[in-house]
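**Student:** need a 3D model of the following:
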Amino acid sequence: MTAMTDTSRPFLNRRLTEFGTTIFAEMSALALHTGSINLGQGFPDTDGPEEVREAAVRALRDGRGNQYPPGPGIPELRTAVAAHQQRRYGLTYDPDTEVLVTAGATEAIAAALLALVEPGDEVIAFEPYYDSYAACIALAGGTRVPVTLRPHFGESASFRLDLDELRDAVTDRTRLLLINTPHNPTGTVLTRAELAAIAELAVERDLLVVTDEVYEHLVFDDAEHVPLAAFPGMRERTVTIGSAGKTFSFTGWKVGWITSAPGLVTAVRSAKQFLTYVASGPFQYAVAEALALPDSYFTAFRDDLEAKRDLLVAGLTEAGFGVFRPTGTYFVTTDIRPLGETDGFAFCRGLPERAGVVAIPNSVFYDHREAGAPFVRFAFCKRTEVLQEAVKRLGAL
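**Tutor:** This next block holds a predicted model:
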């Protein structure tokens, strides 16, 4: 009898062979096994606003969204997204042709890259980068070209972009820039000057740009978030990605969106319709109401996370880590070399037993693994008492 399957050939296609189980799954399982505090995966341990949760319950009870919602997203949410972009940034989008609702930001990234990248096209991404970027570029058949954010040490230690390195990375095969600001995992927020230079380069070399701006409402100190689409020549070539999960602390709802020019939205929708088709029907109604919350909500949300950042930064510094104080997101990147360590993987795998805390090695976010080897990321989107206990445990180091 002829074998039904050629078992000599790997089941997983070659584009994904470098991607195994994510580090988040591994470290979260380790946290559960050891009873450790999980500061690895970036999800809050409390729900968002009660009125937003009740809006979802109301939608469920009223029968709104219990069946397939419209492919582009419900009109109420698309209108709310457009109103948010206008109110916050002065960017005007047509809800019918320039807004697309997705199953979280991760699907938005996947759909954008699958739609816009041909096999062999080069995609420049800033490393360290969110792990789905590399996988989605691979799925699209693109060639990943990392440009490394370099650590700058001193009183205000941070990771910064080398604009000359970015310019040198662009070739005749470059199709797209994949930008993330505020930046996960480093906590860097690109400045107006940096964004203006990126915009100038994109226009000069006729590049498309996908910008992941899911942490747009989490900027601290004197930093400001400025959408790349707001710069001259960028609106028609930029796909901007937003997410409700990071702003309203309902990460399980998986509601994201893109805003862009009609042609780009149509292209991304063409790919998106064969991924999830639609998702999160009742939650779309709730997020539409959430986006209309007064500015006081967004201010209080930011202030709460800023206080938690300060708590964790102080504790990590006291424990002996080198700390890069983030100006955005809800992550802190640390340097373990002051603790006499150099291997972030080994450090994170041993940390639960040593201190009862879980973190993520930054090297998983790099192509150049050696560049990220001594850096470790902690999340501070947790209850204050959880962070206080984590700081206490880390003091044992």
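
**Student:** any weak-confidence spans in this structure?
**Tutor:** 1-7 (pLDDT under 70).

**Student:** again, only using 80
**Tutor:** Applying pLDDT under 80 to the chain flags residues 1-8, 20-22, 155.

**Student:** can you give me the helices for it?
**Tutor:** Assigned by DSSP state H, the helices in the chain fall at 23-34, 50-61, 75-89, 104-116, 131-139, 163-169, 192-204, 244-248, 262-272, 281-291, 295-319, 344-355, 369-372, 384-394.

**Student:** ok, now which ones touch T329?
**Tutor:** Each residue near T329 by C-beta atoms under 8 Å, 6 or more residues apart in numbering is listed here: 182-185, 187, 215, 218. All C-beta atoms are positioned from the backbone trio N, CA, C, and that covers glycine.

**Student:** T329 and L387, how far apart?
**Tutor:** According to C-beta to C-beta, to the nearest Å, T329 and L387 sit 16 Å apart.

**Student:** and F220, by the same measure?
**Tutor:** 16 Å.

**Student:** and for A346?
**Tutor:** Distance, A346 to L387, by C-beta to C-beta: 25 Å.

**Student:** between the two, which one's more packed in?
**Tutor:** L387 (22 against 13; other C-beta atoms under 10 Å).

**Student:** surely that one touches K308?
**Tutor:** Yes. Between L387 and K308 a contact is recorded at 5.9 Å, counting by C-beta atoms under 8 Å.

**Student:** give the residues shared as contacts by these two.
**Tutor:** Common neighbours of L387 and K308, using C-beta under 8 Å, 6+ apart, are F380.

**Student:** ends of stretch 42-61, how far apart?
**Tutor:** Stretch 42-61 has its terminal residues 31 Å apart, counting by C-alpha to C-alpha, to the nearest Å.

**Student:** give me every residue that touches I198.
**Tutor:** 163, 166, 177, 179, 190, 209, 228.

**Student:** let's see that with 7 Å instead.
**Tutor:** Taking C-beta atoms under 7 Å, 6 or more residues apart in numbering, we find I198 in contact with 177, 179, 228.

**Student:** neighbouring contacts of stretch 211-230?
**Tutor:** Applying C-beta under 7 Å, 6+ apart, the contact partners of stretch 211-230 are 89, 91, 105, 109, 179-182, 184, 189, 192, 195, 198-199, 209, 234-235, 238, 240-243, 246-247, 298, 301-302, 305-306, 309, 327-330.

**Student:** equivalent analysis for stretch 169-185, please.
**Tutor:** With C-beta under 7 Å, 6+ apart as the test, stretch 169-185 has contacts from 116-117, 120-126, 128-130, 133, 145, 147, 189-190, 198, 201-202, 205, 207-213, 215, 218-219, 225, 228, 328-329, 331, 333, 362, 365, 377.

**Student:** which of the residues you listed are buried, as a ChimeraX select command?
**Tutor:** To isolate the buried ones among the contacts of stretch 169-185 in ChimeraX, judged by 16 or more other C-beta atoms under 10 Å, type:
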select :116,117,121,122,123,124,125,126,128,129,130,133,145,147,189,190,198,201,202,207,208,209,210,211,212,213,215,218,219,225,228,328,329,331,333,362,365,377
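
**Student:** just list whatever residues bridge to G328.
**Tutor:** Assessed by DSSP bridges, G328 has beta-bridge partners V219.

**Student:** for it, what are its contacts?
**Tutor:** Here G328 is in contact with 182-183, 187-189, 215, 218-220, 223 (criterion: C-beta under 7 Å, 6+ apart).

**Student:** 10 Å - rerun?
**Tutor:** Applying C-beta atoms under 10 Å, 6 or more residues apart in numbering, we find G328 in contact with 181-184, 186-190, 215-221, 223-225, 302, 305, 309.

**Student:** for T102, same thing?
**Tutor:** T102 is in contact with 72-73, 108-112, 241-243, 254-258, 268-269, 272, 275-276, 278-280, counting by C-beta under 10 Å, 6+ apart.

**Student:** and it, how close does it get to L201?
**Tutor:** The gap separating T102 from L201 is 27 Å, by C-beta to C-beta.

**Student:** cool, and L116?
**Tutor:** Taken as C-beta to C-beta, the span from L116 to L201 is 18 Å.

**Student:** kindly report the same for F274.
**Tutor:** From F274 across to L201, the span is 32 Å (C-beta to C-beta).

**Student:** repeat for R15
**Tutor:** 28 Å.

**Student:** related to what we said a few turns ago, out of the contacts of I198, which is nearest to F24?
**Tutor:** I179 (22.3 Å; C-beta to C-beta).

**Student:** for that closest one, grab the count of nearby residues.
**Tutor:** Residues near I179, counting by other C-beta under 10 Å, number 24.

**Student:** can you check P294 too?
**Tutor:** Using other C-beta under 10 Å, the number of residues around P294 comes to 8.

**Student:** can I get the contacts of T329 in TSV with distance to D172?
**Tutor:** TSV is the format used below for the contacts of T329 (distance: C-beta to C-beta, whole Å):
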residue	distance to D172
P182	31
H183	28
N184	30
P185	31
G187	34
Y215	33
L218	37
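
**Student:** got a ChimeraX select line for the buried ones in those?
**Tutor:** To isolate the buried ones among these in ChimeraX, judged by 16+ other C-beta under 10 Å, type:
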select :182,183,184,185,187,215,218
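
**Student:** between the contacts of T329, which is closest to L351?
**Tutor:** Ranked by distance to L351 (C-beta to C-beta), the contacts of T329 are led by P185 at 16.3 Å.

**Student:** before we move on, the earlier item: looking at the contacts of I198, which is nearest A355?
**Tutor:** For the contacts of I198, the nearest to A355 is I179 (35.0 Å; C-beta to C-beta).

**Student:** and that closest one, how far from K308?
**Tutor:** Per C-beta to C-beta, I179 is found 26 Å from K308.

**Student:** T247 now?
**Tutor:** On the measure of C-beta to C-beta, T247 and K308 end up 16 Å apart.

**Student:** which one of those two has more residues nearby?
**Tutor:** It is T247, of T247 and K308, that has more neighbours when counted by other C-beta under 10 Å, with 23 against 19.
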